[in-house]
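Student: Below: sequence and its predicted model.
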Amino acid sequence: MQKSYGVTPTLEHYACVVDLLGCSGYLQEVEEFIKAMPIEADGVVWEALLSACWFWTKMELIGRVAEKIFNLDPMAVSAHVILSNMHLILGKWGEKMNVRKRLRSLGIKKALGCSWIELESNVHVFSVEDRTHPHCNAIYATLEHLTSNINSLVQYDFYFGFKSIVDANFFKAKYPY
């Protein structure tokens, strides 16, 4: 018999479990978990699974999960974007364009990606294709350097995801810290 600690699980708790299991690659178990939940899964729960499907390139599951999300919220931008990207990877250009047309017909525009960092009490904002930061050239040079180092150490297959670190001992010798 399980002990009760006076906590009633909420959708937020279930979404965390879905996210943890999904990030660990237990996608079949996540689907079963969602079906067995005592409360109806919301968009956050389904989007956690959708993100895991995208990460683990489980294309057959992405379509089903995206449909669940569209039933809850036809305007769910992230589901449209992931579905569109899935069609792109599979080379299904017609289906990708259909998803994009659906986005336009619903009046949905994907927000530009952006991130920010606070450094010495100053907030630095970075947006896609924005090169207005005063240290932009140094930032991109550093990013290119890091990317080339990572690419020399990791084999990555665009269609099937991460493969392997080429040689762990090489990595340790090159970066001993």
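Tutor: The structure has been received and is ready for your questions.

Student: And the next helix or strand past the helix or strand harbouring residue 51?
Tutor: Element membership for residue 51, per DSSP states H and E: helix 43-55. With elements assigned by DSSP H and E, the helix or strand that comes after helix 43-55 is helix 59-72.

Student: tell me how far the next helix or strand along the chain from that next one is from the chain's mean position?
Tutor: Counting by DSSP H and E, the next helix or strand C-terminal to helix 59-72 is helix 77-89. Computed by C-alpha atoms, centre = their mean, to the nearest Å, the separation of helix 77-89 from the middle of its chain amounts to 11 Å.

Student: Please name every helix or strand in contact with helix 77-89.
Tutor: Where contact means 3 or more C-beta pairs under 8 Å, 6 or more residues apart in numbering; DSSP states H and E, helix 77-89 is packed against helix 43-55, helix 59-72, helix 93-105. Where C-beta positions appear, they are placed from N, C-alpha and C, glycine not excepted.

Student: what's the last one packed up against?
Tutor: Counting by 3+ C-beta pairs under 8 Å, 6+ apart, the packing neighbours recorded for helix 93-105 are helix 77-89.

Student: So the closest residue to residue 63 other than its chain neighbours versus residue 69, what's the distance?
Tutor: In this structure, residue 63 finds its nearest non-sequential neighbour in residue 83, 7.1 Å apart by C-beta to C-beta, 6 or more residues apart in numbering. Distance, residue 83 to residue 69, using C-beta to C-beta, to the nearest Å: 9 Å.

Student: Since that was my last question, I'll sign off now.
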